[in-house]
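Q: One predicted model, sequence on top.
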Amino acid sequence: MSTNRRRERIDRGIKARSEDVFVLTSWREMLYLAAPRLIPATGFLFLPLLLDTDGQNVLLSAAVFGLLAISWNIMAQSGMISLGQALFFGMGAYLVGLINHRWGLPVPISLPAAGLLGGIAGTLLLLPALRLRGVYFSMVTLIIPLMLTRVIEATGSFGGTEGIDGITPLPSVGLDIYLAEGMLLAAMFGFRRMLDADYGLVLQAIGNDDRSVISAGLNIYWFKAQALFMASVTGAFTGAFMAHVSRSTGVSVFALDYSILPIAAAVVGGTGSLAGATLGALILVPLAEALRGMGGLQMVFTSLLMVFFIVALPQGIFPFIQRKYHQFERWVAVDS
């Protein structure tokens with residue numbers, strides 16, 4: 001009997017055993033499934049040690065915009081296309097200024113409290129708009145942060161155009177970076193598990209065909225409100241964190257950058273994937289910093305990059321990498 005060899009996909013059989021009966025036959029299969037999760041987590045752990053101060057600041061900004069992109073993705077998968085993630089970011093930043101600077105509460109209290117209260121406030125502001133669909137809901141999310149900016153500037157409330165200074169910083173730069181990375185990894189893996197569960201499938205079904213979900217007897221507005229609350233808490237916590245890092249807050253926290261860049265990150269990385277949104281932020285934020293010295297041409301190159309990815313990889317970079325990873329092959333013996 002002669003032995004021939006043929007090529008076979010590595011994941012043949014692994015997917016069925018791991019998802020259906022939860023049985024893996026070797027350490028090689030375990031490593032094949034765990035590597036896409038362990039490698040990024042390990043990279044986040046050691047990357048700050050290899051970067052200088054400027055590189056660490058860029059990584060910190062990338063983690064922040066990655067969190068905003070994840071919060072945008074949660075809303076998008078539930079059928080709510082937002083153009084105003086700056087609303088949640090700004091609410092968290094201003095609330096932490098009030099709680100920490102005005103009321104004197106310490107960081108371990110002000111940071112989670114501002115995230116929770118900012119999430120509640122953002123949800124209540126957008127709650128009446130949940131029955132709007134498509135571009136109408138998007139326009140409301142865009143208008144509200146712009147409106148809040150003008151109200152603060154006109155009335156001089158919350159420090160007016162000067163903002164709120166004297167916010168207590170976090171103890172060290174290292175803690176800033178690792179806390180941001182920890183929040184990003186926790187949000188990415190935690191929300192991924194949620195979206196893969198039955199509850200997450202309902203949210204995604206609402207985004208795909210809400211009328212079918214209504215016909216099944218489910219209250220889609222209650223589920224949308226929950227998704228909105230989770231997204232707004234994530235965005236508000238991010239804004240509160242950045243207010244502690246920068247030690248101040250002002251009307252700039254409602255800037256369009258905090259609304260547009262998360263959308264761009266999700267588009268480049270992959271709109272249907274939380275890991276894709278994170279990957280998009282890790283690409284666009286360093287690129288924006290590298291092109292900062294080009295002035296107005298920075299936006300030109302960033303726009304051209306987005307057009308390229310939309311045309312060449314409409315599903316995003318991460319789904320493309322994921323598909324190629326599952327197409328790896330190996331040689332196996334065949335008896336003949």
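A: Yep, it's here.
Q: Quick one: residues in contact with the helix or strand hosting R192.
A: Using DSSP states H and E, R192 maps to helix 173-196. Applying CB atoms under 8 Å, 6 or more residues apart in numbering, the set of residues contacting helix 173-196 from outside is 37, 41, 44-45, 48, 53, 56, 59-60, 63-64, 66-67, 70, 74, 77, 170, 200-201, 203-204, 230, 234, 237-238, 241, 245, 274-275, 278. In short, each C-beta sits where N, CA and C put it, glycine included.
Q: orientation of the next helix or strand after that helix relative to helix 173-196 in degrees?
A: Once helix 173-196 ends, the next helix or strand along the chain (criterion: DSSP H and E) is helix 198-215. Direction vectors for helix 198-215 and helix 173-196, defined by axes from the mean of the first three to the mean of the last three CA atoms, to 10 degrees, enclose an angle of 50 degrees.
Q: Can I get helix 198-215 in CSV? Just the C-alpha atoms.
A: Taking Å, rounded to 0.1, in the frame of the first residue of the first chain, the C-alpha atoms of helix 198-215 are listed here in CSV:
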residue,chain,number,x,y,z
ASP,A,198,-29.1,34.5,22.3
TYR,A,199,-29.5,38.0,23.6
GLY,A,200,-27.0,39.3,21.1
LEU,A,201,-28.6,37.4,18.3
VAL,A,202,-31.9,39.3,19.1
LEU,A,203,-30.0,42.6,18.9
GLN,A,204,-28.5,41.7,15.5
ALA,A,205,-31.9,40.4,14.2
ILE,A,206,-33.3,43.9,15.1
GLY,A,207,-30.6,45.5,13.0
ASN,A,208,-31.1,43.1,10.1
ASP,A,209,-35.0,43.0,10.0
ASP,A,210,-36.8,44.7,12.9
ARG,A,211,-40.2,44.0,11.5
SER,A,212,-39.6,40.2,11.7
VAL,A,213,-38.6,40.6,15.4
ILE,A,214,-41.8,42.6,16.0
SER,A,215,-43.8,39.9,14.4
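Q: what's the distance between V140 and T238?
A: V140 sits 21 Å away from T238 when distances are taken as CB to CB, to the nearest Å.
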